[in-house]
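*Asks:* sequence? don't have it. structure:
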């Protein structure tokens, strides 16, 4: 009846005059009608916001009925990712180009040069050719990129698929993807990509299930199982598909590839309604695998598909240096205005005092504004157009050197470093905070089942049985040996094998073999989204509980040669809120619920012990879990419950109804109370404790050494993990995040802001007292750690030896440990947040445990807002994407969890250890190189223009040019361009080996400082003054015939002197003079 109400409600909406249709959407129009409608049919979309209820948008798709669907004007399946068309390219590109301030500036200069009254180029836009050359280069790059997109569009839209015809009941016709429409029924064969977002109707196979590869969507390489709706699985022939009629009410198109909500209502003899979830949907971009073919209903097409809607660019990030450059350019603009104003005033005064000079024209003497703009055109290159071009070129080459660095190439996976945002190259040299994930980032994410506790008895994996290793070998490195540990002594694997038939051991390993979402791929191969689940399944297999097959309704496991078959009655998938997953299975003996999850998610649903033996077993298991965590192992609790068939049938009806409620699905998605979670809580209770598992996740090579080097480089270290506190501390000690002398400060669980304030205030007092004296002693000691340091000081200017302020406030004696529940309280109140930052700022390391992906991003935002430093986040999984995109720099590790982190990152590496080379070598060097490039370009432009400026004062402030315009234009393009590029990509003040041996060199303050900028400007002004008046003095005298060399000879000599001095200055700044750079000077 509930589903019938939904269908009737939908029909009422379609016929109601308050429904409006636009761009393929149906929206309930009038708020009053909508509120009344939703009050009667709360299973439809609705959202409560305070006292008001608003109708959410939904989409109505009619099955195989193009006439009904055409009324909604749904988008076609034609995809266009190309940015430009033949007619729009020029205007659109120019509009985008002149959004850049530099381009707009030089366009204004070109226009002003055509104004006769102020032009010093005879009315010719002399700057225009240079500007057009830059625009032409940019346009070429834009066109090449867009042609590649257009080609990809043509290939995608031209791919072929099979669509059910409207006239012939038994025929599928081959059509291009572009001709697929919403509501069509399509047939997709094995290894074919999915052309649109498709509801799986049927799979013509015995298993009734299919598998898809979603690597193009989420970067994950494991196969995912998809199953058709139970109400449509019968429609596995063209005849039945042709007679299929109904409508699907589904969510509006969005980019969330992990969730889908909807209801399919079938009409006719098979009238029924069924909930649609993501497990019933094949998304465009996925590929059908290990399945002969499937039939599906097209729900979303073209630009409405999830993969296209998710193709959003990574958030635009700017380097800290770029902000400083903008400040300095602003100062130069102010200087230009002052210089032009002074010259215009000087010219006006000079002309007013001079005798009548009619040939100058009366307007010039009186028009101060005209004079001002004349000098502006004479000095406009104070803002150098070459700066941005040179920076872009240098950063591009720097990025290539990073990608070509053999020290960051992972040969095992054939993975080099990847630069995805070269604009941030120099920021790699100024990182102050490192925020890292644990699993897959510090560890290898290759899980090994090492220990277990069954009914209070611990079994431990050994490493000394090569024969058994061969027998039970799997691709995750299974148990080599299990030996029983108890007060009476110890045994070996044979002891455990001998008692596998006992009920406790049998149920425990049966749970491991069946409570999961792993997919068998044939032979010994399994495909799993979670490495933990793969390790558990393989661990059970090693002891004779072999998971064999899976279908949407059945599972089978072989135990000691006997195959057991189970019917799947319900699956409650894992989520980060419950922190557990459950499965309801039925065999010939009983109806059982098996569950596994983190201790925090399982302990609260276990049946309380009722006798001394049960209490002892619970206490022993808790002790074992604590021991496992202290060893750095990942722990899970396993439980089960016998269900009553009648009770379960009633529960299943409520649960399926809740799943079919779009309203409850939407509430659950937004984290609000809902019927789905309520039903899950009803069945996941009173569980019998079976035991616990411990999985080892080995550290990556070189992690501990890298952490130690980054700590010596002055970085604040934060590790964020979903594991429990003991595991985090153990991993922290193993990786040198927590050093032996450090004192761990645990922020206890608090309830409410007042308690959190009191706790953090006490911790602040505890860490504040010894901080300053302790760091002063250690800073002094660190500067004396090596005689090489005193030698290297001679190669650096004094300002580069100064330590950054952020390295002076850290108390090395403390490591702070905080949990996700505490962070919820901390982040809820600004005052508590500020207090937490003060405490964390006094600690060398912060370990955040049991945190969610959203909390990871919140911590990064907190650090960025609270401190002026640069925050780097590094992770490897999809749950790390939010923090990677939030951080100043996000680094993705290409590991076991797919490529989502890599695709969302600014830089990608294969191993955490490569971070040492990336920051200490490339980051530090590139920061100094780009800073030198900026200073030099500003210096050399001032040097050239200041000589012209001083000369014009020598000529009565007339504005007389001393340089030919062609020389001025070629100054930046030809005479001074190449050497600075070589410096910006190849110069190095210290060898790579020394930078790695002495991480403290990374602590040097930024190279581009206000002091250096002022020195460069003053140096250019002084040197230009000397050049101008030396050349003027040299050419002041006449020869024997009473003639002087002339204006242009004077300008030529002065220009030559400027070019020589500018190049010598760069050579003086350069540390490493290579033969190839000498060629550039030549």
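*Replies:* Received the coordinates, thanks. Predicted model only: the values in this text are computed from it and were never measured.

*Asks:* is it fair to say residue 167 lies in a strand?
*Replies:* No. Under DSSP: H, G, I helix; E, B strand; the rest coil, residue 167 falls outside any strand and is assigned coil.

*Asks:* any idea how far it lies from residue 74?
*Replies:* Distance, residue 167 to residue 74, using Cβ to Cβ, to the nearest Å: 22 Å. For every residue, glycine as well, the C-beta is placed using N, CA and C.

*Asks:* could you do residue 612 as well?
*Replies:* According to Cβ to Cβ, residue 612 and residue 74 sit 67 Å apart.

*Asks:* of those two, who's got more company?
*Replies:* More crowded of residue 612 and residue 74, by other Cβ atoms under 10 Å: residue 74, with 24 against 8.

*Asks:* could you chop this protein up by domain?
*Replies:* Using automatic domain parsing, the domains assigned to the chain come out as 2-56, 180-309, 362-399+917-1081, 431-442+698-781+807-916, 474-696.

*Asks:* tabulate the ones you listed (CSV), appending distance to residue 97.
*Replies:* What follows is those, written out as CSV (distance: least, Cβ to Cβ, whole Å):
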stretch, distance to residue 97
domain 2-56, 31
domain 180-309, 26
domain 362-399+917-1081, 12
domain 431-442+698-781+807-916, 24
domain 474-696, 41
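
*Asks:* any idea which of those domains gets closest to residue 343?
*Replies:* Residue 343 lies closest, by Cβ to Cβ, to one member of the domains of the chain: domain 362-399+917-1081, at 4.5 Å.

*Asks:* the closest one - what's its average pLDDT?
*Replies:* In this model, domain 362-399+917-1081 carries a mean pLDDT of 88.

*Asks:* same deal with stretch 261-270?
*Replies:* The model assigns stretch 261-270 a mean pLDDT of 82.

*Asks:* which parts of it are buried?
*Replies:* Neighbour counts over stretch 261-270 (16 or more other Cβ atoms under 10 Å) mark 261, 262, 263, 264, 265, 266 as buried.

*Asks:* and the domains of the chain, which one is worst for confidence?
*Replies:* domain 2-56 - the lowest mean pLDDT of the domains of the chain, at a mean of 34.

*Asks:* and the helices in the stretch 201-350 of the chain?
*Replies:* Here the stretch 201-350 of the chain has its helices, by DSSP state H, counting those that start in this stretch, at 215-218, 238-243, 306-309, 320-353.

*Asks:* for the host helix or strand of residue 378, buried residues please.
*Replies:* Element membership for residue 378 (DSSP states H and E) is helix 368-379. For helix 368-379, burial by neighbour count (16+ other Cβ under 10 Å) applies to 371, 372, 373, 374, 375, 376, 377, 378, 379.

*Asks:* for the third one, give me its contacts.
*Replies:* This points to residue 373. Residue 373 makes contact with 112, 115, 118, 340 under the criterion Cβ atoms under 8 Å, 6 or more residues apart in numbering.

*Asks:* ok, the first one touching residue 376?
*Replies:* Going back to what we said before, that points to residue 112. Yes. At 7.3 Å, residue 112 and residue 376 qualify as touching, with contact defined as Cβ atoms under 8 Å.

*Asks:* what about the stretch 51-200 of the chain, any weak spots by pLDDT?
*Replies:* Scanning the stretch 51-200 of the chain for pLDDT under 70 picks out 51-57, 168-170.

*Asks:* can you pull out the strands in it?
*Replies:* With strands called from DSSP state E, counting those that start in this stretch, the stretch 51-200 of the chain shows them at 52-54, 58-62, 160-164, 172-176, 185-189, 197-202.

*Asks:* if you rank the contacts of residue 373 by neighbours, which is first?
*Replies:* Sorting those by how many neighbours each has (other Cβ under 10 Å) puts residue 340 first, at 22 neighbours.

*Asks:* would you mind measuring from that one to residue 378?
*Replies:* 8 Å.

*Asks:* repeat for residue 346
*Replies:* Distance of residue 346 to residue 378, given as Cβ to Cβ: 13 Å.

*Asks:* pull the distance from stretch 326-341 to the chain's centre.
*Replies:* Counting by Cα atoms, centre = their mean, to the nearest Å, stretch 326-341 is centred 38 Å from the centre of its parent chain.

*Asks:* ditto for stretch 829-846
*Replies:* Computed by Cα atoms, centre = their mean, the separation of stretch 829-846 from the middle of its chain amounts to 25 Å.

*Asks:* check stretch 596-615 too.
*Replies:* In this view, stretch 596-615 has its centroid 38 Å away from the chain centroid, taken as Cα atoms, centre = their mean.

*Asks:* show me what contacts residue 530?
*Replies:* Listed by Cβ under 8 Å, 6+ apart, the contact set of residue 530 reads 516, 517.

*Asks:* tell me how far it lies from residue 852.
*Replies:* Residue 530 sits 17 Å away from residue 852, going by Cβ to Cβ.

*Asks:* just residue 411 next, same as before
*Replies:* In this view, residue 411 and residue 852 are 35 Å apart by Cβ to Cβ.

*Asks:* which one's more surrounded, these two?
*Replies:* residue 852 (17 against 9).

*Asks:* how many other residues sit next to residue 435?
*Replies:* Around residue 435 there are 27 residues (other Cβ under 10 Å).

*Asks:* for the helix or strand following the helix holding residue 378, packing partners?
*Replies:* Where DSSP H and E defines the elements, the next helix or strand beyond helix 368-379 is helix 386-404. Packed against helix 386-404 by the contact rule (3 or more Cβ pairs under 8 Å, 6 or more residues apart in numbering; DSSP states H and E) you find strand 418-419, helix 924-954, helix 978-986.

*Asks:* mind listing what's buried in helix 386-404?
*Replies:* Under 16+ other Cβ under 10 Å, the buried positions of helix 386-404 are 386-391, 393-395, 398-399, 401-402.

*Asks:* just want the angle from it to helix 320-353.
*Replies:* Counting by axes from the mean of the first three to the mean of the last three Cα atoms, to 10 degrees, helix 386-404 lies at 160 degrees to helix 320-353.

*Asks:* what angle do helix 386-404 and helix 924-954 make?
*Replies:* Computed by the same axes, to 10 degrees, the angle separating helix 386-404 from helix 924-954 equals 160 degrees.

*Asks:* show me the contacts for the nearest residue to residue 547 once chain neighbours are set aside.
*Replies:* Leaving out its chain neighbours, the residue that sits closest to residue 547 by Cβ to Cβ, 6 or more residues apart in numbering is residue 513, at 4.8 Å. For residue 513, the contacting residues are 537, 540, 541, 545, 546, 547, 557, by Cβ under 8 Å, 6+ apart.

*Asks:* right, I'll leave it there.
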